[in-house]
Structure formats: C-alpha cells, structure tokens
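Chemist: My questions concern the predicted model and sequence given below.
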Amino acid sequence: MTALLSIKDMTHYFGGLKAVSEFSFDVPEGVIYGLIGPNGSGKTTCFNLITGIYTPTKGQILFQGEEIKGQKPFRIVHRGIARTFQNLRIFNNMSVIDNIRVARHFTTTSGVFSTLLRLPSFRHEEDKVREEAMNLIKLMNLDSRAREQAKNLPYGELRRLEIARALATKPKLILLDEPAAGMNPKETEDLMKLIQRVRDEFKVTIFLIEHHMKFVTGICERVKVIDFGTTIAEGKPEDVVKEAKVLEAYLGRKAVVC
Amino acid sequence: MSKLMNFKLLIAGAIFFLIVTILQATGVLNGYFMVIINRSLIGVMFAVSLNLINGITGQFSLGHMGFAAVGAYTSGCFTTLLFHLNPHHSQDMVFFLGAILMGGIAAAVAGFLIGFPSLRLKGDYLAIVTLGFGEIIRTILNNIPYVGGPRGLLGIPKFSSFPVIFVFTLGTIILIRNLIQSSIGRSMLSIRENELASELVGVDTTKYKVMGFVVGAFFAGMGGGLLAHLLQIAHPTQYGFYASALILIMVYVGGIGSITGSIIAAFSLTFLTEGLRVGIDWLRDTVGIPIGTEWTMVIYALLLILIMLYKTDGLMGMRESSVLIIKEKA
C-alpha cells in the first residue's frame, strides 16, 4: 500500500522550544490513522504544519509523493487535504448551507464580471454548488437547519457541520482535530459511526487527533503516540496502549510499576 | 424565480423614481431638496461600496473618499480640462458617461495599489495605512496646479441630473448585491467571519481582499465623478478624512454588511446634516443663541454614540430587506 501522506524528519521550533522533533511517519491510503498524546505533546502543531499554517523548520511533507512544505494553506486544500479544528471555527454569521458552499467555491470558475451581471453560466454554476451543498447537508442530517444561521446550532451539530464543510472541498485526506471533544458517550458513538461512514462513502483517508482512548481504540486502524514532540510508540491501537512508555506518558511512572 | 426577484428591486427603484419626479414636477420638491436627494443617492453609492470592504470582507478602510477623489478628478479632467464638454449637447452626454467610467477605473487601480501592499496588515494597522492613503491623495491634489491645486477644479459642467445619479445608484446597489450573494461574496464574508478557517476551506484570502478593495473603489470612484458633476467643483477638502469618516459612520449606523442599512443610513444622515444646519441657523438668527454650524458635528457625534450604545449592530444589524435578497430554490 502506498502512503498518501508521508512525513520525513519533520522538526519545528517555536523560538527555542522544540515543539515537534524529527517526526517521520506514513499515512497509508484509505485508513483511519490516529495521533495521540498528552496535552502539549505537539499534536495540533503537527496538523498546523501539514496544512501549511506553519512551515516546518526542517524535514519533508510529501502528499501523493509531492512536496507540499511551504505552500500556502489554501493551495494545500486545493490539493486535497481538508481539516477541522479543535475549537470549532465555523462562520457563525452565515447560514449552514453558506458555510458549506464557501468550501465549494474554489471549484467555480465564474469571474467578477459574470458574477456582477449574473450571466447564465454563473447561475448554472451556482445551481450546481447549491445542489452539492444540499447533498452534503442531507448526509450529515442537517437538512432542517440548512437556512439557519450557524451560530444558532447546538454543539454536536456544529461538529457535524465542520466535518461537512471539510468534505465539501472534496479532499483525499481529512485531518480531524479532536472530533469528539466535549461530546457525551452517546454522541461519541454516533460520531465514530459517522467517521467510518464518511471514510467508506467518500473514499477518504482519515487522520485524527484524539485524547479519548476508547474512541481511538474503537476506530483507528493505526496509531502513533507522541509526547514532548517525539514519537514514543506506533502500531495497532490494541498493542500500543499496552506499551510501558505510553502508560507512563498518560498515567505517570507509578502506574507502570503497579 | 430569481428573475422575478430581480424585478422586485427594479420595481422598488421605479416607484422611488416616479414619486420624486412627480413631486419635483408639482413643485413640492424645490431645487434645494433635489440637491439633498441627489447627494443622498451619491452617499448610498459611497456607503454601499465601503460596506463591501468594511462590512463584507471585514477589512477596515478609513480612506474611502480618497477613491472618490481619484474618480472625481479623473472624470473632471476629461469633461472640463481636456474636452470642454457641454451638458446642452446631447452627444456630450455619452462622453460624460465614459468619463465617469474612466473615473471608476482610475479609482479601481488606486484600490488595487492600496489593497495589495496593505494585505500584510490587519485591523488597526490597515486602518492607518488607508487613512494615510486618503491624506496622500488629498495632499497630491492640493499640489497639482493643473487641477487647480488648493483652489479646486472649477467650472465642471453640470451633467449629474437626478435621473443620471439615480440610474448609477440603482446600478451600484444591484451589482454589489449580485456580488455579495454569490460564491465570490460568500468567500469574502468568510474572511470576515474567520480568516484562518476561510483559508483552510480553500479560499485565496489575499485575492478576495484585493478584489473587495478594487470593486469597492470602482463604485466609489464613479460616485466621486457624479458628485463633482453635481456640485460643479472638485475640491481637495471635500475628500479628506472628515468626509471618509462620514461614510464610515453611514456604514456602521446602517449595520455592518447590510446594503439596506447603508441605504437607509445614507439618506437619514444626509438629511440630518442638512436639517441640523437649518436648525442651528434658526437658533442663531431667530432665537439669538450664539452658536455656529460647527455644532452640527457635536450633535451628530452624540447621536452616533447613542445609536452605538443602544443599537450595537446598527439600525439593520446584518439583516437585509427582502427586496434585496435573491431568492433561491429550496
């Protein structure tokens, strides 16, 4: 199996602080890959490096075999990497459908003039964008909310909206930053099903960050555990959670002794 | 369906046009009132175009009248200095429209020049750059003898009649509405809502910020051209910071991002300024209280503070009149 995303010796400093230290890993196509680690271990920084918000100090980021390091974030999105955020970043004062339509925008070709004059070609394109957005809304069970302002939605629905928005960019790889944060056990279970369904229906690869061990072991096919910017374990989730270093990072040294 | 809704705005415009024309013909609206209405309409052009930059794209421009100045002087140069157009010759009207368009294009170029380098800046810093831009334009105009320097460009032919200004204003409203309610407009709006998220759903934020400046400047430039051909003078002081601040106030009083709000605010504030002037003259001359017209600004500022205290989102908030919304299927 070829690696969709391949990271080699990625290192990043914030001033003197080494936030990410020589990360190397491959995310194979079609899997659900988990990145776990305690608070402050560099997980979100890793996502920010992949999506181009920061440029790594050192190392390589290959997506489908091509270097994407140093490219602007929106170009990386066009290549097929979408993401969600740990603390939601929804366009609050826009409707649910508009939130999703923004993410379809870069596929449209209408320029300023055909937009200003609402030429037929422009209207045709807008119709297509609206239909695609509606399909995603239905899939995420948000149909009754389509025209509602996003800020009026409850938390769980906002999480789904953010995933829908990421999917609207037609990605090959989706990065989910703590998708289950703030969810109750029932919502978490629904989310696990949703993520699996998204993977199967959209044929996307999923790369997620999570604290929730049950969530990770329940859904991920491969995990990588990091602490203080370095890798401490990698492999299948059921094997990884037994490793001493992982237990130590999560529970402290004493737990290992017991 | 969308065609029908487009007509709704045209019908509303036509009703307004008819009422004003009838009132003018029957003598209810004298020349003085017509000037105020014309200035209000041009104010709508300025406010709606600034709303695209400040309200929709979420940038902060303090130099909007700088763009208007570029448009006013460019079109003024064409009609007055280069071709000596005469409003009584009907074929000159075509050249006048061309001159207004040239003014808009010149302003759009200025918008591109100011928009491009300032994209590295955000918030307060951008505001200062645009403020500086407005002052630079004013100072440059002050120092070019060809366009009159500090005396201003005089003797501009009076081409801007109510019908001409009305058509341009309605056109501005329709076109900017079309832009806002489109993929491009939604991308601009998403920049205001959350710039990082916008970039990470694939929006080229730089491009759309520049586009906001260019399109906004274009319409402001045409408005400036019309204003010069209404007042028959283009003077550097008309386009200083004070004037830009007035437009900014219109946008914020009307409601950020609401075209309806900008239209209402442009009309109310233009009429209010005139009303206050008349009221103060009356107080001084008839009642005998020794105050000057500079007190309009005090009352104006108080009013603004009150609106901002009790109606924080402006008059319309982010809402839009149904006349201005393009209806979509499902």
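Modeler: That came through, no problem.
Chemist: what's in contact with the helix or strand hosting A:Lys8?
Modeler: Take DSSP states H and E as the rule and A:Lys8 turns out to sit in strand A:3-14. Strand A:3-14 is contacted by residues A:18-29, A:45-46, A:49-50, A:54, A:56-65, A:81, A:172-173, A:205, A:207 when judged by C-beta atoms under 8 Å, 6 or more residues apart in numbering or on different chains. C-beta: built from backbone N, CA, C; applies to glycine.
Chemist: Can you pull the residues of the stretch 1-150 of chain A lying near chain B?
Modeler: Those residues of the stretch 1-150 of chain A that sit near chain B, judged by C-beta under 8 Å from any C-beta of the partner chain, are A:51, A:53, A:72-74, A:77-78, A:82-83, A:85, A:89-94, A:98, A:101-106, A:108, A:110, A:112, A:115-118, A:122-123, A:125-127, A:129-130, A:134.
Chemist: Narrow those residues to those in strands?
Modeler: Members of the residues of the stretch 1-150 of chain A next to chain B lying in strands (criterion: DSSP state E): A:Ala82, A:Arg83.
Chemist: Can you tell me which residues in the stretch 151-300 of chain B are near chain A?
Modeler: Near chain A, when you scan the stretch 151-300 of chain B using C-beta under 8 Å from any C-beta, you find B:175, B:178-179, B:182-187, B:189-190, B:193-194, B:196-205, B:211, B:215, B:257.
Chemist: Please pick the buried ones from those residues.
Modeler: Buried members of those, scored by 16 or more other C-beta atoms under 10 Å in any protein chain shown, are B:175, B:178-179, B:182-187, B:189-190, B:193-194, B:197-205, B:211, B:215, B:257.
Chemist: Which members of the residues of the stretch 151-300 of chain B next to chain A are positioned in strands?
Modeler: Among these, no member falls in strands (DSSP E).
Chemist: domain assignment for chain A?
Modeler: Using automatic domain parsing, the domains assigned to chain A come out as A:1-80+A:171-258, A:90-164.
Chemist: Looking at those, spot the one closest to B:Val109.
Modeler: Closest approach to B:Val109 among these is made by domain A:90-164 (14.8 Å; C-beta to C-beta).
Chemist: Pull up the distance across that closest one, start to finish.
Modeler: End-to-end distance for domain A:90-164, by C-alpha to C-alpha, to the nearest Å: 11 Å.
Chemist: can you check stretch B:283-303 too?
Modeler: One end of stretch B:283-303 sits 19 Å from the other (C-alpha to C-alpha).
Chemist: Now it: average pLDDT?
Modeler: Stretch B:283-303 shows a mean pLDDT of 81.
Chemist: ok, now which ones touch the residue nearest the centre of chain A?
Modeler: Nearest to the geometric centre of chain A sits A:Leu175, at 1.8 Å (C-alpha atoms, centre = their mean). Shown in contact with A:Leu175 (C-beta under 8 Å, 6+ apart): A:Phe47, A:Ile50, A:Thr51, A:Ile81, A:Ala82, A:Arg83, A:Thr84, A:Phe207, A:Leu208, A:Ile209.
Chemist: How many residues are close by the third one?
Modeler: Burial of A:Thr51, expressed as a neighbour count using other C-beta atoms under 10 Å in any protein chain shown, amounts to 23.
Chemist: I figured it was touching A:Phe74, is that so?
Modeler: No. A:Thr51 lies out of contact with A:Phe74 (C-beta atoms under 8 Å); the separation is 9.9 Å.
Chemist: anything in contact with each of the two?
Modeler: Residues touching both A:Thr51 and A:Phe74 (C-beta under 8 Å, 6+ apart) are B:Leu200.
Chemist: Pass me the low-pLDDT residue ranges in the stretch 151-258 of chain A, would you?
Modeler: For the stretch 151-258 of chain A, applying pLDDT under 70 flags the ranges A:251-258.
Chemist: again but with the stretch 101-250 of chain B, I slipped
Modeler: Within the stretch 101-250 of chain B, no stretch falls below the threshold (pLDDT under 70).
Chemist: Strands along that one, start to end?
Modeler: Along the stretch 101-250 of chain B, counting by DSSP state E, counting those that start in this stretch, strands occupy B:153-154, B:233-234.
Chemist: Columns mean neighbour count on top of these, output as JSON lines?
Modeler: Formatted as JSON lines, the strands of the stretch 101-250 of chain B follow (neighbours: other C-beta atoms under 10 Å in any protein chain shown):
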{"stretch": "strand B:153-154", "mean neighbour count": "18"}
{"stretch": "strand B:233-234", "mean neighbour count": "24"}
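Chemist: Can you show me the strands along the stretch 101-250 of chain A?
Modeler: Counting by DSSP E, counting those that start in this stretch, the strands of the stretch 101-250 of chain A are A:173-177, A:205-209, A:222-227, A:230-235.
Chemist: what are the pairing partners of the second one, and which direction each?
Modeler: For strand A:205-209, the paired strands and their directions (DSSP bridges) read strand A:32-36 (parallel), strand A:173-177 (parallel).
Chemist: who's in contact with that strand?
Modeler: A:4-5, A:27-36, A:43-44, A:46-47, A:86, A:172-179, A:195, A:198-199, A:220.
Chemist: Buried members of these into ChimeraX, please.
Modeler: Burial among the contacts of strand A:205-209 is assessed by 16+ other C-beta under 10 Å; the matching ChimeraX selection reads:
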select /A:4,5,27,29,31,32,33,34,35,36,43,44,46,47,172,173,174,175,176,177,178,179,195,198,199,220
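Chemist: surely A:Ala168 meets A:Arg104?
Modeler: Yes. Counting by C-beta under 8 Å, A:Ala168 touches A:Arg104, with 5.2 Å between them.
Chemist: nearest residue to A:Gly182 other than its sequence neighbours?
Modeler: A:Tyr155 (6.2 Å; C-beta to C-beta, 6 or more residues apart in numbering or on different chains).
Chemist: if I look at the one you found, how far off is chain B?
Modeler: Per C-beta to the nearest C-beta, to the nearest Å, A:Tyr155 is found 17 Å from chain B.
Chemist: Count the neighbours of that residue for me.
Modeler: 11.
Chemist: any idea how far it lies from A:Lys236?
Modeler: A:Tyr155 sits 32 Å away from A:Lys236, going by C-beta to C-beta, to the nearest Å.
Chemist: B:Gly148 now?
Modeler: Applying C-beta to C-beta to B:Gly148 and A:Lys236 gives a distance of 81 Å.
Chemist: Does B:Phe60 touch B:Leu126 like I think?
Modeler: Yes. In this structure B:Phe60 lies within contact range of B:Leu126 using C-beta under 8 Å: 5.4 Å.
Chemist: Report the buried members of the contacts of strand A:3-14.
Modeler: Counted by 16+ other C-beta under 10 Å, the contacts of strand A:3-14 give A:18-21, A:23, A:25-27, A:29, A:45-46, A:49-50, A:54, A:56, A:59, A:61-64, A:81, A:172-173, A:205, A:207 as buried.
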